[in-house]
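Peer 1: Give me a 3D structure for the following:
(one chain, ligands or ions: 1)
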Amino acid sequence: MIREALVKKWSDFAGRPHSYTGDIVSGGGRSISLGDYSEEWRTHRRVAHSALQRCSAQSLHSVIQRQALNLRQVLLDYKETSVDLSEDFTVAASNVITTLVFGKEYDKSSPQLQRLHGCLNEIVSLWGSPWISALDSFPLLRKLPNPPFSRLLKEVARRDDIIRSHLQEYKVLCQDEGTKGTVTDSLLQSLDQPLGDKERVVETTAAWLCWTVAFLLHRPEVQYSVYSEMCTVLDTRYPQYSDRPKLPCLSALISEVLRLRPVAPLAVPHRATRDSSIAGYCIRKDTIIIPNLYGAHHDPAIWTDPYTFKPERFLDGGGASTRPLLPFGGGARLCLGESIAKMELFLFTAYLLRDFQFLPSGNKESFPDLTGVASVVLKVKPFRVIKQRKGLEAKPKELRLKINSEKSQEPTNPSTID
Ligand code: HEM
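Peer 2: Residues are numbered from 1 along each chain as shown. Model prediction:
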């Protein structure tokens, strides 16, 4: 049904609903993700898409590898203390984007990065608050004083100032170095608009990495399987994205985490641009459509044990196909960062599992809660983890992930899943 709406009838459902607060956050609906379907939006998206494609072809791989190695160093510096890695994952993912767009990377303590992240987090949390969402449904409230809304306006202005000053700095750099017209420059021009997409973009990859570590703590044998596979295939070298077909256990792990916890579980709302139908039901122009990706990924008619973390379902003979997966949506509004995100998920996970073993920080109670917290993206509740360094020379003992393994497939702490 979701495919019918988003892919087959893509032009009927390519719109975005207008909302008072959405317009404020996206500078009047001019961002790619919240902008309505129009000629201006299509041009904006086309330019951004082709710039990202060229970036991916030229430098994305090395940019991600560099951030994966930086992340490795950060983790090594923690020694074996128990830590919450969510901020480090956010910095790594955010540095991929800032390197592509501004040619700059930051470390966790950088005041510029903290200012940007602080501002984006504040926007996300204020925008989700009932004081502010009420303004969309009850226009009369817009006339009353509303301190959270005043704060939102201030944060949005602060965000745009920060981004504008980065863009300005980068334009000067481009002129100085004669790099005008490069791939990054064309991406920059396409993003030289109110930047309402940033909140989601920096959060998704980091949220996904946190979910992966959380699930792996509940089923350590999966972690071992992926590691063992890398030892066999790569020997001592670091993985390349082109190694994907040779690393089925790693690919299966990525697909399973995307299935169980799509970080944008309800995608972004669509709007019917004309009268149409879905599954034979008449849908009037301007109806708001919310694609329930989470529901599709847990449909018992398609998935066996849909609520169980079972990457082996995607291995040969495991019975599942990746075709019904829709973590990036589809059609005209398909996630613009899909190819970047896929490469990030693969390389970050491969680098992390090649060099580290993740362990729970204490007894059974300290296992991560897998229910999740919904905000702009679906996140795991904060948890701490211990990571031990491993060397590829230390080959794992009995580590293959088996299809229909006799070991329980349930997480170690079943009371915490859904
Ligand atoms: C695990 C990582 C990610 C997931 C699961 C994800 C998923 C999604 C989903 C479900 C949508 C909504 C599609 C729809 O409306 O039907 C979306 C939209 C979007 N995503 Fe992603 N995303 C991820 C990472 C990224 C990254 C890294 C970027 C940027 C480089 C990005 C940029 C965008 C943009 C610009 C849109 C709006 C597209 C439009 O409205 O035309 N995403 N994403």
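
Peer 1: What residues does this structure have near the ligand?
Peer 2: Neighbours of the ligand within the chain, by CB under 6 Å from any ligand atom: 6, 32-33, 45, 97, 197, 201, 204-205, 208, 262-264, 267-268, 291, 327-329, 333, 335-337, 340-341. C-beta: built from backbone N, CA, C; applies to glycine.

Peer 1: Buried subset of those residues as a ChimeraX selection?
Peer 2: The ChimeraX command for the buried members of the residues of the chain next to the ligand (criterion: 16 or more other CB atoms under 10 Å) is given here:
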select :6,32,33,45,97,197,201,204,205,208,262,263,264,267,268,291,327,328,329,333,335,336,337,340,341
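
Peer 1: where's E80 relative to the ligand, distance?
Peer 2: The gap separating E80 from the ligand is 29 Å, by CB to the nearest ligand atom, to the nearest Å.

Peer 1: That residue: how many residues sit nearby?
Peer 2: 10 (other CB atoms under 10 Å).

Peer 1: Need the three-state assignment for it.
Peer 2: Secondary structure, DSSP: H, G, I helix; E, B strand; the rest coil: E80 is coil.

Peer 1: What pLDDT is listed against it?
Peer 2: Note for E80: predicted pLDDT of 80.

Peer 1: How about Q175?
Peer 2: pLDDT, read off for Q175, is 65.

Peer 1: got the phi/psi numbers for R271?
Peer 2: Per-residue torsions, R271: phi -130, psi 140 (degrees, to the nearest 10).

Peer 1: So which helix or strand of this structure has the lowest pLDDT on average?
Peer 2: helix 183-190 (a mean of 52; mean pLDDT, DSSP states H and E).

Peer 1: For the nearest residue to R3 once chain neighbours are set aside, grab the count of nearby residues.
Peer 2: Closest residue to R3 in three dimensions, ignoring its sequence neighbours and counting by CB to CB, 6 or more residues apart in numbering: G330, at 6.5 Å. Applying other CB under 10 Å, we find 19 residues neighbouring G330.

Peer 1: do R159 as well
Peer 2: 23.

Peer 1: likewise H218?
Peer 2: 19.

Peer 1: try K9
Peer 2: 18.

Peer 1: show me the contacts for the residue nearest to A264 when sequence neighbours are not counted.
Peer 2: Distances taken as CB to CB, 6+ apart place V377 nearest to A264, at 6.1 Å, with adjacent residues excluded. Taking CB atoms under 8 Å, 6 or more residues apart in numbering, we find V377 in contact with 200, 203-204, 207, 263-264.

Peer 1: of those, the lowest pLDDT goes to which?
Peer 2: Lowest pLDDT within these is found at R200 (63).

Peer 1: For the contacts of V377, give me CSV that also has distance to K108 and secondary structure.
Peer 2: Output for the contacts of V377, formatted as CSV (distance: CB to CB, whole Å; DSSP: H, G, I helix; E, B strand; the rest coil):
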residue, distance to K108, secondary structure
R200, 21, helix
E203, 16, helix
T204, 19, helix
A207, 17, helix
V263, 22, coil
A264, 25, coil
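
Peer 1: Just the closest of those to D243, please.
Peer 2: Among the contacts of V377, T204 lies closest to D243 (CB to CB), at 23.3 Å.

Peer 1: these two touch, right, the closest one and A264?
Peer 2: Yes: counting by CB atoms under 8 Å, T204 touches A264, with 6.8 Å between them.

Peer 1: Right, I'll leave it there.
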